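A.B. asks: just coords:
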């Protein structure tokens, strides 16, 4: 027969285990590299304990570029912030020397981002040598060399398919 102290000790241990299990899921963020394509890493990102998106991540002298895709096949681009700028922005992506497109975006002082439409996604497949993006008065350039953006976008598709179980 257990003593009162043993029962109390077991009860306290059970309550502590439940309190750890009850940590809110919103505090969870996990990122895992699943592939490398040229200078990009393809990262699977979980938030709130669930798959949220895959991102083609490119780090450079000007900061980190992320091209993301979620389960709903929505694409977004995020770049370092423009100092002193918060709220709505226009993000302009140069697809080549003659074609540019601006997208409505936002910035929170940590990152600036915009959702790109399917036409922008199709145009991004043709980007060569450098990815050029501007937000307000700040411009960014990431060299990608001979890396095929089509391969990068296919890597995103594969990452999302694996995460959703559709491989």
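C.D. replies: Nice, thanks for sending it over. Keep in mind the model is a prediction, meaning the values are calculated, not measured. Numbers count the residues shown, from 1 in each chain.

A.B. asks: would you map the helices across this structure?
C.D. replies: 4-21, 118-124, 149-164 (DSSP state H).

A.B. asks: lowest-confidence stretch among those helices?
C.D. replies: Here the lowest mean pLDDT among those goes to helix 4-21, at a mean of 39.

A.B. asks: show me where the protein has strands.
C.D. replies: In the chain, the strands defined using DSSP state E lie at 29-37, 40-47, 50-60, 63-70, 75-79, 87-94, 100-107, 112-116, 129-135, 138-145.

A.B. asks: please name the bridge partners of the residue nearest the centre of the chain.
C.D. replies: Note on the chain: the residue nearest the mean C-alpha position is residue 55, at 4.3 Å, using Cα atoms, centre = their mean. Counting by DSSP bridges, residue 55 is bridged to residue 43, residue 68.

A.B. asks: from residue 112, how far off is it?
C.D. replies: The gap separating residue 55 from residue 112 is 15 Å, by Cβ to Cβ, to the nearest Å. The way it works is simple: take the backbone N, C-alpha and C, and place the C-beta from them, glycine included.

A.B. asks: with residue 37 instead?
C.D. replies: Distance from residue 37 to residue 112, by Cβ to Cβ: 24 Å.

A.B. asks: neighbour count winner among the two?
C.D. replies: Set residue 37 next to residue 112 and count neighbours by other Cβ atoms under 10 Å: residue 112 wins out with 24 against 18.

A.B. asks: perfect, that will be all.
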